[in-house]
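[1] Whatever this is, show me its structure:
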Amino acid sequence: MVRIIRGLRQKKRSSKNAFVWLVFWVVIIVLAIVPNEMSIKVAEVLGFASNINAIIFVALGLLFLFVSYLSTSVEKLEQRQTTLVREKALKEKKYEESIKEAKAKIAALEERLSNGKKTTEQ
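    This is a model prediction of the structure:
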């Protein structure tokens with residue numbers, strides 16, 4: 001929990017992410033301190049006959065939520081990366097085109113200068 005709070009203060013974690021993990025660890029701590037009371041309450045709320053089954057069901061549900069969240073995050077990062085690569089490629093192409101135009105202008109100016117020198121020498 002200290003690492004999560006430190007990461008939040010150093011702006012390495014988002015507040016949403018930190019909140020989710022803090023809630024997760026608080027639940028784990030509560031389950032460690034009073035496991036029977038908590039698991040019995042969860043079983044009663046969810047309608048399970050066994051408190052162990054209820055805890056396993058809730059844990060699996062949370063794991064699926066985390067996997068879904070991570071999958072969505074990875075997908076967003078891939079989309080951002082694709083967008084950035086495309087933008088960079090377009091900028092490089094424009095840059096190369098402007099370099100070609102500048103070289104063509106320089107060549108034309110050099111040709112004019114050399115033609116101008118030849119006419120003055122003749």
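[2] Would you check that R13 makes contact with I4?
    Yes: R13 is within contact range of I4, at 6.7 Å (criterion: Cβ atoms under 8 Å). For every residue, glycine as well, the C-beta is placed using N, CA and C.
[3] which stretches of this structure form helices?
    2-9, 15-33, 35-46, 51-121 (DSSP state H).
[4] okay, the ones you listed in a markdown table with mean neighbour count and mean pLDDT next?
    Conversion of these to a markdown table gives the following (neighbours: other Cβ atoms under 10 Å; pLDDT from 0 to 100):
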| stretch | mean neighbour count | mean pLDDT |
| --- | --- | --- |
| helix 2-9 | 12 | 86 |
| helix 15-33 | 13 | 85 |
| helix 35-46 | 14 | 86 |
| helix 51-121 | 11 | 89 |
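[5] Roughly how far does the residue nearest to the spatial centre of the chain sit from M1?
    The residue lying closest to the centre of the chain (Cα atoms, centre = their mean) is L77, at 4.2 Å. Computed as Cβ to Cβ, to the nearest Å, the L77 to M1 distance reads 26 Å.
[6] K76 too?
    26 Å.
[7] For stretch 12-28, which outside residues touch it?
    Residues outside stretch 12-28 that contact it (Cβ atoms under 8 Å, 6 or more residues apart in numbering): 1, 4-5, 7-8, 62, 69.
[8] For R112, state which of those residues is nearest.
    Nearest to R112, judged by Cβ to Cβ, of the contacts of stretch 12-28 is G7 at 62.9 Å.
[9] Show the contacting residues for the closest one.
    13, 18.
[10] out of the contacts of stretch 12-28, who's nearest I56?
    L62 (10.9 Å).
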